[in-house]
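In: Sharing a model prediction with you, sequence too.
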Amino acid sequence: MKVEAIKISFLTYLRHLETYDYLALGWFILTFLILIVLATIVAKRSSTFSLLLIICALLFFLIAPFLLKLKLNTLLRPTSVDIHMVKKLTFSDSVIVEASIYNLSEKDFKSCFIQTNIIKQNTEEGIRTYLNLLKPIANQSILVQRSLPKGEILEYKAIFDDFTYKGEIVAHIKTECY
């Protein structure tokens, strides 16, 4: 289920690339190529430094795309999520999550990819909360094809059926709007 959500998120992102996305990808490829060329030039003088540059280039190649996507989403497509209610129903094995998604961007959005995760409630912050996000109790992903003008709010409701966890829970919602 999580792999399918990542696939949908990636394909949605590729479908909605803009000028700044292309510029960032161009910068990424150019920087990677410069590091590789620099490593081959330096290889004649110092093989150790050349190897260090190649390792840096590979790390850059693995990490930079994720950081670029994250930074571009926060700068060009900012949203805010306010979770109103997370309620386990008494006579049914269901959980209802209600939230509002605010468009903080300077442009109108045509669609939003919304990922809702139900995780164990944790009183302490830190690594335990992060680990709970990696392994949620339940998750749901949806692509909402509805207009969200700048400064407006999209009301969102998710229902999780067959929810049998008895402990305390909290919801986490991640949005990507285009």
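Out: Cool, the structure landed.

In: Measure how buried Asp21 is and give me the count.
Out: Residues within reach of Asp21, counting by other CB atoms under 10 Å, total 17. (Glycine included, C-beta is placed from N, CA and C.)

In: you'd agree it is up against Leu72?
Out: Yes: the pair Asp21 and Leu72 qualifies as a contact (CB atoms under 8 Å) at a distance of 6.0 Å.

In: Which stretches in this protein count as strands?
Out: Shown for the chain, the strands assigned by DSSP state E span residues 79-88, 95-103, 112-120, 138-144, 153-160, 169-177.

In: Tell me which of those strands sits most buried.
Out: strand 112-120 (a mean of 21; mean count of other CB atoms under 10 Å).

In: in its sheet, what does it sit against?
Out: Strand 112-120 pairs in its sheet with strand 138-144 (antiparallel), strand 169-177 (antiparallel), by DSSP bridges.

In: which stretch among these comes nearest Leu89?
Out: strand 169-177 (12.4 Å; CB to CB).

In: tell me the angle of that closest one relative to strand 95-103?
Out: For strand 169-177 against strand 95-103, the angle by axes from the mean of the first three to the mean of the last three CA atoms, to 10 degrees is 30 degrees.

In: where's stretch 109-123 relative to the chain centroid, distance-wise?
Out: Distance of stretch 109-123 from its chain centroid, counting by CA atoms, centre = their mean, to the nearest Å, is 10 Å.

In: Specify the helix with the largest residue count in this structure.
Out: For the chain, the longest helix by residue count, based on DSSP state H, is helix 47-76.

In: Just want the angle from it to strand 79-88.
Out: Going by the same axes, to 10 degrees, helix 47-76 makes 80 degrees with strand 79-88.

In: In helix 47-76, which of the residues would be classed as buried?
Out: Neighbour-count burial for helix 47-76 flags 50, 53-54, 57, 64, 69, 72-73, 76 (criterion: 16 or more other CB atoms under 10 Å).

In: next one: stretch 30-42
Out: Counting neighbours by 16+ other CB under 10 Å, stretch 30-42 gives 35, 38-39, 42 as buried.

In: Let me know the closest of those to Ile173.
Out: Distance to Ile173 across the buried residues of stretch 30-42 (CB to CB) is lowest for Leu35, with 37.3 Å.

In: so the closest one touches Ala64, yeah?
Out: No: with contact defined as CB under 8 Å, Leu35 does not count as touching Ala64 (10.8 Å).

In: OK, contacts around the residue nearest to Leu38 when sequence neighbours are not counted?
Out: Leaving aside its chain neighbours, Leu38 sits nearest to Leu53 (5.9 Å; criterion: CB to CB, 6 or more residues apart in numbering). Each residue near Leu53 by CB atoms under 8 Å, 6 or more residues apart in numbering is listed here: 35, 38-39, 42.
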